[in-house]
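Engineer: Quick one, fold the following:
(one chain, ligands or ions: 1)
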Amino acid sequence: MITLDIQKTLGFISKEAVYDYESQAKAARAALENGTGKGNDFLGWLHLPSSITAEQLADLKATAQVMRENCEVVVVAGIGGSYLGARAVIEALSNSFTWLQEKKENPVILYAGHNIGEDYLYELTGYLKDKKFGVINISKSGTTTETALAFRLLKKQCEDQRGKEMAKKVIVAITDAHKGAARVTADNEGYKSFIIPDNVGGRFSVLTPVGLLPIAIAGFDIERLVAGAVDMEKTCGVDTPFAENPAAIYAATRNELYKNGKKIEILVNYNPKLHYVSEWWKQLYGESEGKEHKGIFPAAVDFSTDLHSMGQWIQEGERTIFETVISVEKVNHTLTVPSDEANLDGLNFLAGKRVDEVNKMAELGTQLAHVDGGVPNIRIVVSDLSEYTIGELLYFFEIACGISGYILGVNPFDQPGVEAYKKNMFALLDKPGYEEESKAIRARL
Ligand code: PA5
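Structural biologist: Coordinates of the predicted model:
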């Protein structure tokens, strides 16, 4: 279960001001439902949870099983929306250390195609040398340089190491139905493939095979994940009154804070497993709202780790920030602080207490300190970390993002700004077709 608490923003903005967004939020929600807003050709994610069929889930699970049976390691090749959702869920639910253990229940999931680090790829391919590994090549366009480059290396290594026949079994493509190099390669090679629907943008694709297949291979229950998302889809439905729709309230609150000069939203967690949920969230909100010279800058920290680095800035730096804290109510394991006779560290006052109790007091103490220091605080309370609650959380952030973007007045579903660097990079690398741009860019150097 997920609940939203905006109480600790109310010294900075008023509840009335948040509720004044009711008609805008309702109009935004209706525009999503009716497909009448900007970017309405990319609304396929809206009812994705409730429209996933049992056959689709079974197909994903069967493919996951083939990969699980034949691979010790599976490399997810993708960037941005084509890997962050899977990584967010897998890291949130995984034991932080099983990948180091000799005997493993599940394949180790590694990531490539999300950077152009030569050392990273050298080390990854080196690590894979004696491993039975498989690859999921994820690219909606099928032409993303980072992903294509990593896949070229991994495909060759997989074929050389495991033979062409086995490679066909353990390489899976998730891409467009018809176009792009990834589709052509998959069809030519006879890889198992899944389709990313045309009307679902990368950052909204976690509940398509893009997210679901890697998550299933990692050993998690994709049916429960989808069930959580389905329930949140209902909770945030078009007929839900504003006051009962957590996504609408979140969207209204952050827009009101933005109007009041809070230009940066820091997503905070007190559980290191949520680091990649924040990475996913940063892309979702950054790419959706940062346009037309507008938009909250989405930042993220892991507490209490970053209280020892960024804590100073948050407490006393420029007052243009607010925090949204993901608070996990109940942890999955129990560990108490032992008593120590010498008590040299002076920690015997904690003896017998749960480690999580210490963490919760760090959280509460930080919230009060930051509010005192001028930082409004939104809390999203997640009852526990499970497939179900993560499914709820993902859909909550997606629908809130759609509503928030429409309130802001932008098209939350395009990303024209991401092309600029690609054009320059291709010109600098002398890609065929970029001759004019190459000449022009060299003249500037
Ligand atoms: O949200 C987006 O559109 C981007 O992050 C893309 O997902 C990312 O650039 C990868 O694109 P593609 O899946 O076409 O390789």
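
Engineer: tell me the contacts of the residue in the stretch 51-200 of the chain positioned nearest to the ligand?
Structural biologist: Closest contact between the stretch 51-200 of the chain and the ligand, by Cβ to the nearest ligand atom, is at Gly80 (2.2 Å). (Glycine included, C-beta is placed from N, CA and C.) By Cβ atoms under 8 Å, 6 or more residues apart in numbering, the residues touching Gly80 are 114, 202-203, 283, 287.

Engineer: export those to JSON lines and tack on pLDDT, secondary structure and distance to Glu233?
Structural biologist: Below are the contacts of Gly80 laid out as JSON lines (pLDDT from 0 to 100; DSSP: H, G, I helix; E, B strand; the rest coil; distance: Cβ to Cβ, whole Å):
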{"residue": "His114", "pLDDT": "98", "secondary structure": "coil", "distance to Glu233": "28"}
{"residue": "Gly202", "pLDDT": "96", "secondary structure": "helix", "distance to Glu233": "20"}
{"residue": "Arg203", "pLDDT": "98", "secondary structure": "helix", "distance to Glu233": "18"}
{"residue": "Gln283", "pLDDT": "98", "secondary structure": "helix", "distance to Glu233": "21"}
{"residue": "Glu287", "pLDDT": "98", "secondary structure": "helix", "distance to Glu233": "22"}
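
Engineer: of all those residues, which comes closest to the ligand?
Structural biologist: Nearest member of those to the ligand, counting by Cβ to the nearest ligand atom, is Gly202, at 2.2 Å.

Engineer: so the closest one sits right up against Ser82, yeah?
Structural biologist: Yes - with contact defined as Cβ atoms under 8 Å, Gly202 reaches Ser82; the gap is 5.6 Å.

Engineer: Quick check: neighbours shared by those two?
Structural biologist: 140, 210.

Engineer: now for the protein, which residue lies nearest the mean position of the chain?
Structural biologist: Trp280 (2.2 Å; Cα atoms, centre = their mean).

Engineer: can you tell if the lowest-mean-pLDDT helix or strand in the chain touches the ligand?
Structural biologist: Within the chain, no helix or strand scores below helix 419-428, which has a mean of 91 by mean pLDDT, DSSP states H and E. No - on the criterion Cβ under 6 Å from any ligand atom, helix 419-428 is out of touch with the ligand, staying 9.3 Å away.

Engineer: helices or strands up against that helix?
Structural biologist: Where contact means 3 or more Cβ pairs under 8 Å, 6 or more residues apart in numbering; DSSP states H and E, helix 419-428 is packed against helix 435-443.

Engineer: which parts of the helix it packs on are buried?
Structural biologist: 437-438, 441 (16 or more other Cβ atoms under 10 Å).

Engineer: May I see those residues arranged in CSV, with pLDDT and distance to the ligand as well?
Structural biologist: Below are the buried residues of helix 435-443 laid out as CSV (pLDDT from 0 to 100; distance: Cβ to the nearest ligand atom, whole Å):
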residue, pLDDT, distance to the ligand
Glu437, 93, 20
Ser438, 94, 23
Ile441, 94, 22
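
Engineer: And the residues you listed, which is closest to Leu153?
Structural biologist: For the buried residues of helix 435-443, the minimum distance to Leu153 (Cβ to Cβ) is 25.6 Å, reached by Ser438.

Engineer: Now do the same contact list for the closest one.
Structural biologist: Ser438 neighbours (Cβ under 8 Å, 6+ apart): 427-428, 430.

Engineer: circling back to that earlier point, the residue nearest to the centre of the chain and the ligand: what is the separation?
Structural biologist: 10 Å (Cβ to the nearest ligand atom, to the nearest Å).

Engineer: What pLDDT is listed against that residue?
Structural biologist: Model confidence at Trp280, given as pLDDT, is 98.

Engineer: what do you get for Glu102?
Structural biologist: For Glu102, pLDDT reads 84.

Engineer: Check the secondary structure at Ile266 for me.
Structural biologist: strand (DSSP: H, G, I helix; E, B strand; the rest coil).

Engineer: Could you tell me how many residues sit around Asn377?
Structural biologist: 22 (other Cβ atoms under 10 Å).

Engineer: looking at this, the residue nearest to the centre of the chain is in a strand?
Structural biologist: No - checked against three-state DSSP, Trp280 lies outside a strand; its state is helix.

Engineer: Hmm, it is touching Gly85, no?
Structural biologist: Yes - contact criterion Cβ under 8 Å: Trp280 and Gly85 qualify, at 5.6 Å.

Engineer: so what secondary structure elements neighbour the lengthiest helix in the chain?
Structural biologist: Longest helix of the chain, by residue count under DSSP state H: helix 387-408. Applying 3+ Cβ pairs under 8 Å, 6+ apart, we find helix 387-408 packed against strand 2-5, helix 22-34, helix 84-93, helix 222-235, helix 246-259, helix 275-289, strand 377-384.

Engineer: Whatever helix or strand comes next after the third one and the ligand, are they touching?
Structural biologist: If I follow you right, that is helix 84-93. Next in sequence after helix 84-93, counting helices and strands by DSSP states H and E, comes strand 108-112. No - Strand 108-112 stays clear of the ligand (Cβ under 6 Å from any ligand atom), getting no nearer than 12.7 Å.

Engineer: If you count neighbours, what's buried in strand 108-112?
Structural biologist: 108-112.

Engineer: Up against the ligand, what does the stretch 51-200 of the chain have?
Structural biologist: Counting by Cβ under 6 Å from any ligand atom, the stretch 51-200 of the chain sits next to the ligand at 79-82, 139-141, 144, 147.

Engineer: Mind putting those residues into JSON lines with pLDDT?
Structural biologist: Formatted as JSON lines, these follow (pLDDT from 0 to 100):
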{"residue": "Ile79", "pLDDT": "98"}
{"residue": "Gly80", "pLDDT": "97"}
{"residue": "Gly81", "pLDDT": "97"}
{"residue": "Ser82", "pLDDT": "97"}
{"residue": "Ser139", "pLDDT": "97"}
{"residue": "Lys140", "pLDDT": "93"}
{"residue": "Ser141", "pLDDT": "90"}
{"residue": "Thr144", "pLDDT": "95"}
{"residue": "Thr147", "pLDDT": "98"}
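
Engineer: Mind checking which of the residues you listed land in strands?
Structural biologist: Among these, DSSP state E puts Ser139 in strands.

Engineer: Which single one of the residues of the stretch 51-200 of the chain next to the ligand is nearest to Gly317?
Structural biologist: Gly80 (28.9 Å).

Engineer: give me the number of residues near the closest residue to Leu347 other than its chain neighbours?
Structural biologist: Closest residue to Leu347 apart from its sequence neighbours, by Cβ to Cβ, 6 or more residues apart in numbering: Val337 at 6.7 Å. Around Val337 there are 16 other residues, counting by other Cβ under 10 Å.

Engineer: Val337 touches Asp356, doesn't it?
Structural biologist: No - in this structure Val337 lies outside contact range of Asp356 using Cβ under 8 Å: 10.7 Å.

Engineer: Pull the residues that contact the longest strand that the chain contains.
Structural biologist: Longest strand in the chain, counting residues (DSSP E): strand 321-330. Strand 321-330 is contacted from outside by 9, 12, 250, 254, 257, 262-271, 274, 277, 299, 314, 363, 367, 370, 375-385, 393, using Cβ under 8 Å, 6+ apart.
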